[in-house]
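In: sequence below, structure please.
(one chain, ligands or ions: 2)
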Amino acid sequence: MNSGVRIYTRSEHCISRKQISDNALKVLYQLQKAGFDAYLVGGCVRDLLLGREPKDFDVATNAEPEQVRKVFRNCRLIGRRFRLAHVHFGREVIEVATFRGAGEARNDDQVLNKEGRLLRDNVYGTIEEDVWRRDFTVNALYYNIKDFSVVDYTSGMADHKAGILRLIGDPETRFREDPVRMLRAVRFAVKLGFHIHPECEKSMHDVAELLASIPSARLYDEALKLFMSGYALQTFEMLRHYGLFQVLFPATENSLAIEDEGFPRLLLIKALENSDNRIAEGKTVTAYFLFAAFLWDAVQIRAHQKLAKGIAEFVAYQEAANEVIAMQVKSTALPRHITLAMREVWSLQPKFNAQFGSKPSRLITHPRFRAGYDFLLLRAQTGGADLELAKWWETYQNANENEQRKMTAPPRQAKTSNSPRKRNYRKKSSASSTVNSE
Ligand code: ATP
Ligand code: MG
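Out: Ligands and ions are numbered 1, 2, ... in the order given. Here you go, the predicted structure:
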């Protein structure tokens, strides 16, 4: 393994202390004052070199966790597998990790399973050793607070300039050690606009299915990072390209294979697009809404199979939702509050068909009304629900009480009104045929 080090002095790179958070600087300086080495490392260095604001600042040091704790009052040690120090400044947390020993020489503290997955590695080491356990060369650049230089053991700087994501060491070995690195490759490629190195790409195709061995709770965390960061559509496409998406969302992948009367399923694509647009506009997005969109078609397909067997509509949809969720949580452990919210969004759909009497005014007070309505709109925009119905609800929710009462008056009393309710009333049956009509 190449162990030549290249030091980029302050004048040879663009990172300035002005871009670094004050709290991260405090941590670096205090460690240095206490006689330790202290570096910024990982995503923050990579992002600073691109002139981007890092999500968070990670520090690497030769101080052991207990020693770090003695330097800071506002410090907590966390983690069982890796002991890490978290230094708290109000809402900002600076993570301080002790250099870890890794590399090719395995010892008792580094345990691999039979697929080559790294189960434990908690030996401390030097910066030269710490480098080799990191994933991509661009994530293994160290900004030294002592002289403001960037320390590069893996030609990360050259890869960074060329926009390449290259695993340190043998790609297949590194993906086997931790298959989540494949998801990280996709996430960074999309976020940074970098290319995955061809050798890494090849290994990803070869070992994609190993991702299935990762605990579902960790995959859920990764899925959130992948889909909630503003590049969901591109991420989805790239994950499918490498055969990774099917591990995360097997039921969705199956439903994508079944075209709807010759038309590709658009709801999911539209949901991803909307989510990215909302993030670009600074609006919030919710995970449950996106996951409800991911699995909607799978629920529909299953429910239709049950209906064909003569199972009652309400039961068919309930069972379909149960089965799809039960299958999903095995791959990505969606927490209960998320699956509950997804079910609510789904089960609100048939309720939008009621446009008369007291039901609309009750529906509008439902805590998930807005999400349910947004979902209806998504279905309507992609051919899965009546567009007129969605428009009616748009008008209804923005109307005052008096107008709302007029809109929901039974059709016989509505002769003088110019609302499109008659047409909607007839269309009701076509919309209800695709969803659970509780
Ligand atoms: P971002 O925080 O922007 O998502 P990041 O690269 O900082 O990206 P983190 O998860 O914060 O990602 O990890 C910090 C650093 O720790 C990484 O840059 C990398 O050097 C190392 N690292 C994290 N996860 C792994 C992993 N699974 N395998 C090897 N190294 C890793
Ligand atoms: Mg980070």
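
In: would you map the helices across the stretch 1-150 of the chain?
Out: 22-33, 43-49, 65-71, 127-130 (DSSP state H, counting those that start in this stretch).

In: from those, which stretch is densest packed?
Out: helix 43-49 (a mean of 22; mean count of other C-beta atoms under 10 Å). In short, each C-beta sits where N, CA and C put it, glycine included.

In: for that one, name the packing helices and strands.
Out: If contacts are counted by 3 or more C-beta pairs under 8 Å, 6 or more residues apart in numbering; DSSP states H and E, helix 43-49 sits against strand 141-144, helix 156-162.

In: quick one: contacts of the next helix or strand after the last one?
Out: Beyond helix 156-162 on the C-terminal side, the first helix or strand identified by DSSP states H and E is strand 164-165. Outside of strand 164-165, the residues within contact range by C-beta atoms under 8 Å, 6 or more residues apart in numbering are 136-138, 159, 185, 188-189, 192, 194-197, 200.

In: so how far is strand 164-165 off the chain centroid?
Out: Remark: strand 164-165 is offset 21 Å from the chain centroid, using C-alpha atoms, centre = their mean, to the nearest Å.

In: likewise stretch 388-405?
Out: Distance of stretch 388-405 from the chain centroid (C-alpha atoms, centre = their mean) equals 35 Å.

In: buried ones in it, by neighbour count?
Out: Judged by neighbour count (16 or more other C-beta atoms under 10 Å), stretch 388-405 contains these buried residues: L389, A390, W392, W393, Y396, Q404.

In: chain neighbours aside, what residue packs nearest to the second one?
Out: On the basis of C-beta to C-beta, 6 or more residues apart in numbering, the spatially nearest residue to A390 that is not a chain neighbour turns out to be A380, at 3.9 Å.

In: so what's the one you found up against?
Out: D386, L387, L389, A390.

In: quick one: which helix or strand includes the third one?
Out: Same thing as L389. Per DSSP H and E: helix 387-398 holds L389.

In: just to revisit the earlier point, can you list the helices and strands packed on helix 43-49 in a markdown table and add mean neighbour count and mean pLDDT?
Out: Formatted as a markdown table, the helices and strands packed on helix 43-49 follow (neighbours: other C-beta atoms under 10 Å; pLDDT from 0 to 100):
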| stretch | mean neighbour count | mean pLDDT |
| --- | --- | --- |
| strand 141-144 | 25 | 98 |
| helix 156-162 | 18 | 98 |
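
In: which one of the ones you listed lies nearest to ligand 2?
Out: Among these, strand 141-144 comes nearest to ligand 2, with 12.8 Å by C-beta to the ion.

In: now the element after that closest one, going C-ward?
Out: Strand 141-144 is succeeded, C-terminally, by strand 150-152 (DSSP H and E).

In: for that following strand, which strands pair with it and how are they oriented?
Out: When sheet partners are counted by DSSP bridges, strand 150-152 sits next to strand 6-8 (antiparallel), strand 141-144 (antiparallel).

In: so who does the residue of the stretch 101-250 of the chain found nearest ligand 2 touch?
Out: Ligand 2 sits closest to N139 of the stretch 101-250 of the chain, with a gap of 8.7 Å, by C-beta to the ion. Shown in contact with N139 (C-beta under 8 Å, 6+ apart): G42, G43, R46, G156, F188.

In: kindly recompute the last result at 6 Å.
Out: G42, R46 (C-beta atoms under 6 Å, 6 or more residues apart in numbering).

In: ok, E95 next?
Out: D58, L84, H86.

In: ok, so of these, who is nearest ligand 2?
Out: The closest of those, once distances to ligand 2 are taken by C-beta to the ion, is D58, at 5.3 Å.

In: least confident of the contacts of E95?
Out: Lowest pLDDT among the contacts of E95: L84, with 94.

In: if you rank the contacts of E95 by neighbours, which is first?
Out: D58 (20 neighbours; other C-beta atoms under 10 Å).

In: hmm, that residue is touching G42, no?
Out: Yes: contact criterion C-beta atoms under 6 Å: D58 and G42 qualify, at 4.6 Å.

In: any idea of the pLDDT on whatever residue of the chain ends up closest to ligand 1?
Out: Minimum separation of the chain from ligand 1 (C-beta to the nearest ligand atom) falls at G43, amounting to 2.2 Å. Listed pLDDT for G43 reads 96.

In: which residue sits closest to Y220, ignoring its sequence neighbours?
Out: Per C-beta to C-beta, 6+ apart, closest to Y220 is T332, 4.3 Å.

In: number of residues surrounding the one you found?
Out: T332, neighbours per other C-beta under 10 Å, totals 21.

In: tell me which parts of this protein are close to ligand 2?
Out: G43, D56 (C-beta under 5 Å from the ion).

In: where are the low-confidence patches of the chain?
Out: Residues of the chain meeting the criterion pLDDT under 70: 1-3, 102-111, 118-122, 259-265, 412-438.

In: which residues in it form strands?
Out: 6-8, 38-41, 58-61, 75-78, 84-89, 92-98, 110-112, 118-121, 141-144, 150-152, 164-165, 195-196 (DSSP state E).
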